[in-house]
Structure formats: structure tokens, C-alpha cells
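Visitor: output the structure for:
(chains A and B)
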Protein chains: 2
Amino acid sequence: MHVVITGGAGFIGRRLCLELLRRGQLTSGAGLPARIEHITLFDHLPPARPVKDPRVRYLAGDIGDPGSVRDVIAAGTDSVFHLAAVVSAEAEANFDLGMRVNLDGTRNVLEACRALPRPPRLVFTSSIATYGGKLPDPVTDETLQTPLTSYGAQKAAAEFLVGDYSRKGFLDGRALRLPTITVRPGKPNRAASTWVSSIMREPLQGEDAVCPVTPETRMACLSPRRCVAALIRAHELPAEALGISRSILLPGLSVSAREMADAVHRHAGNRRLGRIIWEPDPAIQRIVDGWPKASRSARAAALGFEGDASIDEIVRGFIEDELEGQAQ
Amino acid sequence: MHVVITGGAGFIGRRLCLELLRRGQLTSGAGLPARIEHITLFDHLPPARPVKDPRVRYLAGDIGDPGSVRDVIAAGTDSVFHLAAVVSAEAEANFDLGMRVNLDGTRNVLEACRALPRPPRLVFTSSIATYGGKLPDPVTDETLQTPLTSYGAQKAAAEFLVGDYSRKGFLDGRALRLPTITVRPGKPNRAASTWVSSIMREPLQGEDAVCPVTPETRMACLSPRRCVAALIRAHELPAEALGISRSILLPGLSVSAREMADAVHRHAGNRRLGRIIWEPDPAIQRIVDGWPKASRSARAAALGFEGDASIDEIVRGFIEDELEGQAQ
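Guide: Residues are numbered from 1 along each chain as shown, chains lettered A, B, ... in the order given. Prediction:
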């Protein structure tokens, strides 16, 4: 089978690709696992750390361009993981870019899937940024989506399209509402939540990190390991298990900035830790305060999706995968 | 002030135009009523019954074409009522047309509003068809939107965009989730709910009507009078009254097909009534069964929106406005 990952040069795209290669197979429409022959990683940027495997190819292009997307989701595509997105703070600063990538880009993916001779399976990454305002804690399956960012509005609108394209039989889609994924490797990005990774990643590598929110600020967190497992789980679920909604809220562990800082100290080992410089930025604080502090979904649990047990588990996973496990 | 009504050749567009002309003024951004100087009715069809008034002009064009929409929502536009839509059964049969009109057309309207020097007030008609599946009865402010038609998915996605363009200050929008509007004059259209008007309208005019659902089938109904009043009410509310959500669920009276038929008999007067021929159509029944049977919104009530008290009020209004009140 042939798998396409949009946003494939990004961190989650890379981790998903590595895990698919490790498994070597994926369950799809027919219900039986099929061997993964090819993985195409589509992105507008070249990969920082390319995956080297004969089954993998990189394709550069613009998700906002229908022709480029048709070229990558070409005949023979069995599965698409659509991860490409403009992140929250960037979509807030550049409205047109957010609309072009997050909404039009998703439509381009949906239309390319629809044009295939056999409807492919599609996993789309939505976000708990589709929730906002005065929210219950935790956010659950019963919580209304009231996005307070353009990113959230674009993702929420796209979820309805994934649901409708699936209902029409144009594709077999699943949309996952991801909590904040942490700890991400690399550099800070333009997500308003980027500090959730920075304040653990930088100190563990001896660097100082600026935290733009107060120590009490809590976020709904999910580790990269659990995220990748959820993407694959979402792909492998039979359509019948999903019922009328193709959207699934993933479980987000509630962790405060201070608890993150404390966990880093517990797992420092012999490392000389960098410091956290607390410099609240009102614009970032306002966006972050509008997001869920935790998420819990009975539906996701029944479908076999698992969250993280503790911030310690998340920090240990980061150290193993990114600081010690450099082989990957 | 200059008001634009998209879908202005349609039934609600015409009734709204007549009511605006009768009032002669409209409260807008500044909070004080302003005199209505011009009303532009934009539609792809010529009006069946044109409104003749020096303040009114008709403009033909395609809502799916950005340039045409920019031409109609031109400099000097203060208010836009965006009613243009492809109805439910038609959007189900012609997916691309539904996407083009209901989603892209709405984006064209939003972008044209954004391009104006002063952000206009926008009233957008969404629908209770944005709800679906196993629904509470009545549907309320707490009910999740799970559309089971393309029309519903497109309207739900568009609501998020209206909300976000408003939050960004590009326009000052309000989205109304309309129940089934009944009794409509004229001919059946391609809405899956068109029978809700036919089974009252045709018998009252001596004609037989086919009802494609069972007599027990209940619908959430709103009269044209209440609908037009709600559109104007939505326009006149100050933005501060709306809070973080720009969407408002309107109250829909629960009426069964049989109760509609009975009401016609009670208000027949000297008329020779046509018959109802009960011929359930499984495709229509399935769509209609997925919609709310009633809607009630504490928020709408607090904001001053009113529903109909009884099916008798609805039938009497139709007789007065469309069968006796032909002067309009």
C-alpha cells in the first residue's frame, strides 16, 4: 500500500513515518493489514532530519495549490495522513495564509482523495483549539466547539468537511482533536503553545527558556508517542466503529507550567539544567487561557485511544526518543 | 444606509426587503437607527414578483464568483443579509454546487465585507439542518452540531467562518440557525422540507399536495413573519450582547404533518380544500428524520427572539399575507 503524509517534513510527520516503517504494515479498508510499499512525505519545507529508507520519498509542494496536491495524492494512494497546517499564532498573525493552508489546503486534500478510483482512508489532525471561551474542565465529548482563534475556526470548519466527505463515500475520514503535543524536539515554532515544549526541552539541553505564561497556566498535553499511536489507531479503526461523527477528541493530561518545570528537575540526572525565565506575554496568555486545560473522551477511550499517565512519562519519553535515542 | 440582500429574489429576501422598506430605517453599528436609502437585491434568478420601489434595485449574478460578489457588496455598503443558498436536497444531489454556493459563496461574501473601508454588519442564515443524528427533543443551546447532510455541513462550517471574521473585526456578523420556514408561497423547491409548505399551501388553494413523509413526522417550524422579524432583530442587536458565539439558534415550534393538515381544515373558511396524498419517500423521510423535531434556545429568548405560538398562528399569517394580502 501507498501512504501519503502531508506536513511530512514536520516533527509528527517524521515520527509517524518512522513508526509506520517499523511496523511495516497498516490495516485499511479491507480490515486486514497490508504491507506498506511506499510512503510519500509532502511538505513545503525540506526535512531537517530526513528519514532514509528506500520506501520513503519526499515531495516538495504547496498544500494550498490544488494541482500539487492532486499530484501527490495520485492514483494508487491508499491512505492519507493530513498533518500539514499553519499553527495557531501564525494563523492569527497571517489570516490569509491560515485560510489558504488550514481550510483550502484541507479541501485540496479532500478533493484529491475524492478523485481517486478507490476512496482512501484519511486521518486529519484537528485540535482542541477548536474549543474556546468559558470551558468545562475537562473538556469532554459533550462540549460545544467555540473556537477563539482563526486556527481553531479553520480546523473546526474542516472537521465538518471531513465528516461530510466521509458520509458521501468520497473517502473514509477520521479527524482527531489533538491536545498540545509535547515535548517537541528542535526549535520553538509560531504556535502559541510552543513554550509547552521549550520549557522542558531547552533546560534539559542546558539552555535557558523563556516562558510567556504564568507558572499556574495549565495545558492539555499529549506526548508524541501517544500522538503517533493515536494517528495509527484512528487509521485502523473500522468505519462502523465511528458512528455518525468522524471527529474524535483525544485525552489531554492537565499539566501546569510549574509542574513541567518540576518534572524536568526530577529527570535531570547528571545534566546541567538551563533556567526558565518567566516573562508572561499578554497576547500569548490570552490565547492559551482560552484553550482547554484538560480533555477527556469516553468515546475515545472506548475506541482504544490512550493518553499519558503523568508528566514524568512524557519527560522520560522525550529523553529516550530525542536526547538518548538519537539513532532515530 | 445601503443594505444588500443576497438571495434577494427569493421568498424571504422579498419579505425582508418589504419589511425594511416599511420600517424605512435600521439600527446598525452606531446604535442609532439610520434611514435606509438603498436596498440591493442580488440573485442568480430574476424575481418572480419584483418589489417596485425607487430605493430598490435588482442585480443578477453568481454568488460563487468573487468578482460579482465584490461588485454588489461595494463601497458604501453598511449591511448585508446573506440568504443565498442551495437548499438541502439539491446540495445533496449536486455536491459541487452546494460547496460552491453554500461554502465558497459565503466566503466570497465574507471577503467582500472584509474589503470594505468600514466593517459592515452581516446577518447570515444558517439552519437547524446543522444538527443531526440522535438528537434531544427539543434541540437547545447545549446540543452539538452533527450535520448529516452536505447542506448542514456547509452551513455549520460557514458559521465558524462568520464567527471568526467577526472576532477579527473584518465584519460584525450574526448567524441564525433557522427552523423550517413555513408556509412559503409559490411552488415546491428542492428542499427536503418543501412538503412542510406544500401540504398547507396547496390545499388552501384548492390543489392536491403530495406529502413524502408519514403524518406523524414532526418538524421544527418558524413562520415567515417571525423569520423576517428575527433577521432584523439579529441585525439590530449590539455586538456586546452576543458574547463569544455569533451563532443563534432560533425557536422552532414542533408540528406534525397531521397537525398541519388539521390546521388547514380549521382555517379553510369557504375554501374548497385540496387533498393531501400521503406517499412517503424513503430518501426524503430519512433526511427529515435526522433533523430536529423542535428547537428552544434560552439565549435567543434572552436576546428577544420570538417563535410562533401555534400552527394556527402560522396558517392564519399565510392566509393574511399571501392569499388575502396580495397587495404586497
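
Visitor: I'd like to know how far the residue in the stretch 1-150 of chain A that chain B sits nearest to sits from B:Gly31.
Guide: With CB to the nearest CB, the shortest gap between the stretch 1-150 of chain A and chain B falls at A:Gly133, namely 4.3 Å. Where you see a C-beta, it was placed from the backbone N, CA and C, and this is true even at glycine. Separation of A:Gly133 from B:Gly31 (CB to CB, to the nearest Å): 25 Å.

Visitor: please confirm that A:Ile232 is located within a strand.
Guide: No. Checked against DSSP: H, G, I helix; E, B strand; the rest coil, A:Ile232 lies outside a strand; its state is helix.

Visitor: tell me which residues touch it, please.
Guide: Contact analysis of A:Ile232 by CB atoms under 8 Å, 6 or more residues apart in numbering or on different chains lists A:16, A:19-20, A:23, A:26.

Visitor: helix/strand/coil for the residue of the stretch 1-150 of chain A closest to chain B?
Guide: Following three-state DSSP, the label given to A:Gly133 is coil.

Visitor: and it, how many neighbours does it have?
Guide: Neighbour count for A:Gly133, taken as other CB atoms under 10 Å in any protein chain shown: 13.

Visitor: residues contacting it?
Guide: A:146, A:148, A:290, B:243-245.

Visitor: ok, which stretches of the stretch 51-200 of chain A are strands?
Guide: With DSSP state E, counting those that start in this stretch applied, the stretch 51-200 of chain A shows strands at A:56-60, A:77-82, A:121-127, A:172-178, A:180-181, listed in chain order.

Visitor: could those go into CSV alongside mean pLDDT?
Guide: Shown next, in CSV, are those (pLDDT from 0 to 100):
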stretch, mean pLDDT
strand A:56-60, 97
strand A:77-82, 97
strand A:121-127, 98
strand A:172-178, 98
strand A:180-181, 96
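
Visitor: and for the residue in the stretch 201-328 of chain A positioned nearest to chain B, nearest residue in space, chain neighbours not counted?
Guide: Per CB to the nearest CB, A:Ile244 is where the stretch 201-328 of chain A lies closest to chain B, at 4.3 Å. Of all residues not flanking A:Ile244 in the chain, B:Gly133 sits nearest, at 4.3 Å (CB to CB, 6 or more residues apart in numbering or on different chains).

Visitor: gap between the one you found and B:Thr146?
Guide: The gap separating B:Gly133 from B:Thr146 is 5 Å, by CB to CB.

Visitor: let's verify A:Ile284: helix, strand, or coil?
Guide: helix.

Visitor: tell me the contacts of it?
Guide: Residues in contact with A:Ile284 (CB under 8 Å, 6+ apart) are A:89, A:192, A:195, A:212-213.

Visitor: got it, and A:Cys211?
Guide: Here A:Cys211 is in contact with A:195, A:198-199, A:257, A:276-280 (CB under 8 Å, 6+ apart).

Visitor: then A:His235?
Guide: A:His235 makes contacts with A:26-28, A:79, A:81, A:121, A:123, A:174, as judged by CB under 8 Å, 6+ apart.

Visitor: ok, and the closest non-adjacent residue to A:Ser198?
Guide: A:Ala209 (4.4 Å).

Visitor: nope, A:Leu103 is what I meant
Guide: The shortest distance from A:Leu103 to any non-neighbouring residue, by CB to CB, 6+ apart, is to A:Gln154 (4.7 Å).

Visitor: next one: the residue of chain A positioned farthest from its centre, what pLDDT does it get?
Guide: Residue farthest from the centre of chain A, counting by CA atoms, centre = their mean, is A:Asn270 at 31.7 Å. pLDDT recorded at A:Asn270 is 92.

Visitor: do A:Ala30 as well
Guide: If you check A:Ala30, the pLDDT there is 64.

Visitor: for A:Glu202, same thing?
Guide: pLDDT, the model's per-residue confidence, is 97 for A:Glu202.

Visitor: which one is it nearest to, not counting chain neighbours?
Guide: Nearest one to A:Glu202, counting by CB to CB, 6+ apart, is A:Ala209 at 3.7 Å.

Visitor: residues in a beta bridge with that neighbour, which ones?
Guide: As for beta bridges, A:Ala209 partners with A:Ile276 under DSSP bridges.

Visitor: gap between the longest helix seen in chain A and the chain center?
Guide: If you go by DSSP state H, chain A has its longest helix at helix A:150-167. Offset of helix A:150-167 from its chain centre (CA atoms, centre = their mean, to the nearest Å): 15 Å.

Visitor: picking up where we left off before, B:Arg299 is nearest to which of the strands of the stretch 51-200 of chain A?
Guide: In terms of CB to CB, the element of the strands of the stretch 51-200 of chain A nearest to B:Arg299 is strand A:172-178, at 24.5 Å.

Visitor: the closest one close to chain B?
Guide: No. Applying CB under 8 Å from any CB of the partner chain, one finds strand A:172-178 separated from chain B by no less than 12.1 Å.

Visitor: you'd agree A:Thr130 is up against A:Gln145?
Guide: Yes. Counting by CB atoms under 8 Å, A:Thr130 touches A:Gln145, with 4.6 Å between them.

Visitor: give me the common contacts of the two.
Guide: Shared contacts of A:Thr130 and A:Gln145, defined by CB under 8 Å, 6+ apart, comprise A:152, A:156.

Visitor: more neighbours: these two, which one.
Guide: Neighbour count, other CB under 10 Å: between A:Thr130 and A:Gln145, A:Thr130 has more, with 30 against 25.

Visitor: how far away is that one from A:Ala309?
Guide: Distance check for A:Thr130 against A:Ala309: by CB to CB, it reads 25 Å.

Visitor: circling back: and the residue farthest from the centre of chain A, helix, strand or coil?
Guide: Going by three-state DSSP, the secondary structure assigned to A:Asn270 is coil.

Visitor: any idea how far A:Ala34 is from A:Ala241?
Guide: According to CB to CB, A:Ala241 stands 19 Å off from A:Ala34.

Visitor: now A:Glu324
Guide: Noted for A:Glu324: a distance of 33 Å to A:Ala34, by CB to CB.

Visitor: which one's more surrounded, the two?
Guide: The residue with more neighbours, out of A:Glu324 and A:Ala34, is A:Ala34; 15 against 9, by other CB under 10 Å.
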